[in-house]
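>>> got a predicted model here, sequence first, then my questions.
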Amino acid sequence: MRSSLLLVLIVTLAGVLATFGCSSDEPTPAAKADTINNAAKHDAPALPADVQSVASASTTQAATSTSETVALNTISATGEFVSPVSSELSPKNPGRVARMFVEEGSRVSKGQPIVELESEYLRLNLQAANAEVQRAKAAMDEASRDLDRKKDLIAKHAVPQATYDRSLGMFEQARAAHAGALAHAALLRQQISDSIVRSPVDGVISEKRTEVGARLGDGGVAAVVVQISPLKLRFEVPERYLGRINRGDKVTARVDPYPGETFEGAVKVVGGVIDPKTRTMFAEAEFANRDGRLRPGLFARVEAKLD
């Protein structure tokens, strides 16, 4: 009986030892999977060189295609702001400069006085002309009254026809003299007005070419005024964009004096001639520039978005 009990204990102990050995040595299913994957990676053969080059070229081509698409939809260029109007201001009649109202760099508005010529003699002549107008008017009025009297007398056959005709002639002469005096006075007033040279546009004085006391002859330039509102931005466009850039396209510009800021304009002119040397055409955009911060001659970096 003791032998049987001892045999059962030995068999049970052997089973326990066998179970423990299996559980510690046998890997789990997850460990087996990791082992298989690592082995596959380690033992997998490298791709052939031609296959690797095709894969690399495909990736590079996709990136290049995206870059080219962006480039075709955007024009990046450099340009220069130019004034649509640059006017050399000259007096209509020669004369000596009496006053200068501006300096170089002064901002001016349309109609603002720039320079005034001496006009004292013109004003004296105008006074004399006004006196002549009054004298001629008095003579015309007297001749008119005399003519009215002659009309009454000729109707009554109290005076001969020759007397009436002579009175009529005197009235016509007096009326003509009065008209001449008025015209002479108007001419002098216009000359006095013309002695003040005014700006034809809103802009900036870019040059001052005379001083007080200097004499300006025929064609003499007192100053140069350039328009600054609006301004034009002129830039070059590669020929491949012909047909894609059109009037009204939006343009942005960046300039060094105002870092971080952009100014918006619109295309107004697209040149129709291609430069055979550079294979480019010119384009012009208009900027309102209401605040006057942009000036002619300013360098700009331009971007134009295309449809």
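Looks like it came in fine. Bear in mind the structure is a predicted one, so any value in this text is a computation, not a measurement.

>>> ok so Leu235 is a helix residue?
That one is not Leu; residue 235 is Phe. No: counting by DSSP: H, G, I helix; E, B strand; the rest coil, Phe235 falls outside a helix, being strand.

>>> quick one, domains of this structure?
75-84+228-305, 87-223 (automatic domain parsing).

>>> comparing the ones you listed by mean pLDDT, which bottoms out?
Mean pLDDT values for the domains of the chain show the minimum at domain 75-84+228-305, a mean of 90.

>>> roughly how far out does that domain sit from the chain middle?
8 Å (Cα atoms, centre = their mean, to the nearest Å).

>>> so Phe171, which state does it fall into?
Applying three-state DSSP: Phe171 is helix.

>>> name the helices or strands packed onto the longest helix seen in the chain?
Identified as the longest helix of the chain according to DSSP state H is helix 120-155. Helix 120-155 sits against helix 161-194, with contacts defined as 3 or more Cβ pairs under 8 Å, 6 or more residues apart in numbering; DSSP states H and E. To be clear about C-beta, it is placed using only N, CA and C from the backbone, and glycine gets the same treatment.

>>> quick one: contacts for the residue nearest to Val201 when sequence neighbours are not counted?
If the residues on either side of it in the chain are set aside, Val201 comes closest to Gln227, at 4.5 Å by Cβ to Cβ, 6 or more residues apart in numbering. By Cβ atoms under 8 Å, 6 or more residues apart in numbering, Gln227 lies in contact with 83-86, 201-203.

>>> 7 Å instead, please
Applying Cβ atoms under 7 Å, 6 or more residues apart in numbering, we find Gln227 in contact with 83-85, 201-203.

>>> how near is it to Gly111?
Separation of Gln227 from Gly111 (Cβ to Cβ, to the nearest Å): 14 Å.

>>> now Val82
Using Cβ to Cβ, Val82 is found at 24 Å from Gly111.

>>> which of the two has more neighbours?
Using other Cβ atoms under 10 Å as the criterion, Val82 and Gly111 rank with Val82 on top: 15 against 10.

>>> tell me the one of the contacts of Gln227 nearest Arg244?
Pro84 (25.3 Å; Cβ to Cβ).

>>> burial measure for Ala253, as a count.
For Ala253, using other Cβ under 10 Å, the count is 24.

>>> so how far is Ala288 from it?
Applying Cβ to Cβ, the value for Ala253 to Ala288 is 12 Å.

>>> cool, Glu303 as well?
Distance from Glu303 to Ala288, by Cβ to Cβ: 18 Å.

>>> Leu187 too?
Going from Leu187 to Ala288 by Cβ to Cβ gives 42 Å.

>>> go on, Gln127?
48 Å.

>>> could you confirm Gly243 falls within a helix?
No: Gly243 is assigned coil when assessed by three-state DSSP, not a helix.

>>> list the contacts of it.
No contacts exist for Gly243 under Cβ under 7 Å, 6+ apart.

>>> cool, and Ser195?
Going by Cβ under 7 Å, 6+ apart, Ser195 touches 91, 95, 116-117, 119, 122.

>>> turn those into CSV, including neighbour count.
Shown next, in CSV, are the contacts of Ser195 (neighbours: other Cβ atoms under 10 Å):
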residue, neighbour count
Pro91, 23
Gly95, 21
Glu116, 19
Leu117, 23
Ser119, 21
Leu122, 20
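
>>> ok so, going back, ok, what's across the strand from the residue nearest to Val201?
Counting by DSSP bridges, Gln227 is bridged to Gly203.

>>> pLDDT score for it?
On the pLDDT scale, Gln227 gets 93.

>>> over to Asp34?
Residue-level confidence at Asp34 comes out at 50, pLDDT.

>>> for this protein, just list every one of the strands.
Using DSSP state E, the strands of the chain run over 74-82, 86-89, 95-100, 107-108, 113-117, 196-198, 203-208, 215-216, 223-227, 231-238, 250-254, 263-270, 280-287, 299-305.

>>> give me the distance from the second one to the chain's centre.
In this view, strand 86-89 has its centroid 19 Å away from the chain centroid, taken as Cα atoms, centre = their mean.
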